[in-house]
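Enquirer: here is a sequence together with a model predicted from it:
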Amino acid sequence: MDSVAQRLSAVGAGAALELRGVTRLFGALAALTDVTITVRPGERRAVLGSNGAGKTTLFNCITGDFPPTSGTIRFFGEDVTHFPPYERIRRGLRRTYQISALFPGLTVQDNVYLACRGVSRGRFSFLRPGQNDALMHAADGLVQAVHLAAVKDQRVAELAHGQQRQLEIALALAGAPRFVLFDEPAAGLSPTERAELVEILTSLPAHIGYIIIEHDMDVALRVVESVTMMHNGRIFKEGVPEEIQSDPEVQELYLGAGHE
Amino acid sequence: MSVTHDARVQIHKPAATAQRPAVRGWPDINNPAAWIVAVILLIMPLIANGFFLIEIFATTLILGTIALSLMFLAGYGGMVSLMQLTIAGFAAYMVAVFGVSGNANISLGWPWWLAVPMALTLATIFGTLGGALAVRTEGIYTIMITLAIGAAFYYFTNQNWAIFNGHTGINNVSTPHFWGVDWRWDIPFYYVVLAVAAICYFAVDYISRAPFGLALQGVRDNPRRMAALGFNVNAHRVAAYAVASFIAGLAGVLQVWNYRQISPGSVSVGACIDVLIIAVVGGITRPIGPYIGALVFVLLRTFALDFLVKIGLDGNRFRLLIGLGFLAIVFWSSDGVIGLWQRWRQSQRPRSDHPGGGRGHG
């Protein structure tokens, strides 16, 4: 971590996440075109836009699931453009998936334990965790935080949809996250579960910033301080939630026509 | 409520967590059937003659251990490798080449305690390199690449005379003698095979709940998410091939001691596929499956011929019986014999006795 800290101070450590001219092509189709975004450490931002606007592709470029065709991505000052996903995650980046990406054959506890193990040492350890294993306790705490303690020994395949979404969030909060990408965390949740989600998001420690993709304005605009609008793979508008909500162009494009 | 993410600020519940690893980790300890099987296996030399001891039970344990290495890759890692028998055969050849055999112009004459570690090391390297090729692919392409490696090795042993002695193979491979015991005598050899099989079985069972094994099951279920949790998925897969190759190598050493010879017929493509059949018939979700599959296979291979002749059919059709049995088991249970067994057990008990079920949990 020392070398990371040194590199941070070297470049001034202004931004948690800095994208410059990021473009992603799928064949001839440009899913992202010349996207430039800067997010401060601890900042919470929503990315809005209709289907196909490039929101999830943006996440995939940031995490390295699909690297960008051109442009650079800096994470806390470090150029991670050509890093594989696991190297970015080990530096404190986290993400959730729009469609739950869990381990259905394992228990809830083991899912969270893997998330804790993935960002610490001993990923290849052949020794079972002992009775006072710190990561097991960390996993217990995360399971409780997302209200899954009652089902922690059940296989994930047997969980209800809402519980799987909660687990999806727990996996992204393991270890010491510095910045989290939430991809439609409220999708398919009941009103009660949405309220719990808002509570989880607003109670995250202040130093953890995030970007959230969310169609539900009630959720999205309550948990962020800034908004980025995307349209056809480009940044369309940036501002605080009130500006975006009252912007006539935005209303026409997204809130009026596209949003039910 | 707050989402804490750090081990230092967790609310600890020692009473709830203290027991978990022991009870969940070794379910066999509480299972009377497992103890009965263990006792029977230990006193087997008292109840079985030499033929049953070696031709049935030792052979079952050796084949089962090879299939166990496939179960480890396929059941926990989701990687179907058809080259596990090839790796075992490679280890067997290396024991013959580095050790003492009837082909003095080929064998280097090393003592067994040097030849065996050498064979295991080379077999592990061989399997790891094959795995490094195979992990670049998924699903059916993994099967194709590993099958191609198996087929290539078979034809290579057939045609190479300098090391592998062509289609005649290497004969009269010597076996260990020490402490005044010929360890290839039926009873000592049975116990050697039983010990190796037991160590491999418990090692696989143990690893399945260790971070490495859990992560391997995570790779099976969702490799992309594993990368998004900080795991280097391909490195994990290659490491799994290394573990599986070592296990297959151990079984290969036992195999060459069992038959005292090794020839291309032992590493044929058909034999590679037999290992897949054994693992699938037994069930690839738990380490016991391959041994059950191996017992079924060896019993059929040994007695189906007599049975067929007795009912007036051609004895050479014993493979037809194996094939029909394979079809029936795969048709009725996607999890082989242990799947049928578990279903029968569940129908005997109230459902509340089975919280969760235990796929992939040993």
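Expert: Cool, got the structure.
Enquirer: check which helices and strands the helix or strand harbouring A:Ala195 is in contact with.
Expert: With elements taken from DSSP states H and E, the one containing A:Ala195 is helix A:191-202. Counting contacts by 3 or more CB pairs under 8 Å, 6 or more residues apart in numbering or on different chains; DSSP states H and E, helix A:191-202 is packed against helix A:161-172, helix A:217-220. C-beta: built from backbone N, CA, C; applies to glycine.
Enquirer: got the angle between the helix or strand that it is followed by and helix A:161-172?
Expert: Beyond helix A:191-202 on the C-terminal side, the first helix or strand identified by DSSP H and E is strand A:209-213. For the pair strand A:209-213 and helix A:161-172, the angle between their directions (axes from the mean of the first three to the mean of the last three CA atoms, to 10 degrees) equals 150 degrees.
Enquirer: note down every partner strand of strand A:209-213 and its orientation.
Expert: According to DSSP bridges, strand A:209-213 has the following sheet partners: strand A:44-48 (parallel), strand A:179-183 (parallel).
Enquirer: among those, which is nearest B:Ile199?
Expert: With CB to CB, the closest approach to B:Ile199 among the strands paired with strand A:209-213 belongs to strand A:179-183: 43.7 Å.
Enquirer: show me which residues of the helix or strand harbouring B:Leu194 are buried.
Expert: Taking DSSP H and E as the definition, B:Leu194 sits inside helix B:186-207. Of the residues in helix B:186-207, B:186, B:188-194, B:196-197, B:200-201, B:203-207 count as buried by neighbour count, 16 or more other CB atoms under 10 Å in any protein chain shown.
Enquirer: related to what we said a few turns ago, of all the helices and strands packed on helix A:191-202, which one is nearest B:Ala239?
Expert: Nearest to B:Ala239 among the helices and strands packed on helix A:191-202 is helix A:161-172 (22.4 Å), distances taken as CB to CB.
Enquirer: got the buried residues for that closest one?
Expert: A:162-172.
Enquirer: need the strands paired with strand A:209-213 in CSV (columns: mean pLDDT and mean neighbour count).
Expert: Written out in CSV, the entries for the strands paired with strand A:209-213 read as follows (pLDDT from 0 to 100; neighbours: other CB atoms under 10 Å in any protein chain shown):
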stretch, mean pLDDT, mean neighbour count
strand A:44-48, 90, 24
strand A:179-183, 93, 24
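Enquirer: nearest to B:Phe307, of the ones you listed?
Expert: Across these, B:Phe307 has its closest neighbour in strand A:179-183 (59.9 Å, CB to CB).
Enquirer: pass me the low-pLDDT residue ranges in chain A, would you?
Expert: When residues are selected by pLDDT under 70, those of chain A lie in A:1-13, A:253-260.
Enquirer: so which residues of it form strands?
Expert: Ranges of strands in chain A, per DSSP state E, are A:17-26, A:29-39, A:44-48, A:70-75, A:78-79, A:93-95, A:179-183, A:209-213, A:226-231, A:234-239.
Enquirer: which of the residues in the first one are buried?
Expert: Translated: strand A:17-26. The neighbour-count check on strand A:17-26 (16+ other CB under 10 Å) flags A:17-19, A:22-24 as buried.
Enquirer: so where's the stretch 51-200 of chain B shaky on pLDDT?
Expert: Scanning the stretch 51-200 of chain B for pLDDT under 70 picks out nothing.
Enquirer: B:Thr60 against B:Tyr291, yeah?
Expert: Yes - with contact defined as CB atoms under 8 Å, B:Thr60 and B:Tyr291 form a contacting pair (6.9 Å).
Enquirer: thank you, goodbye.
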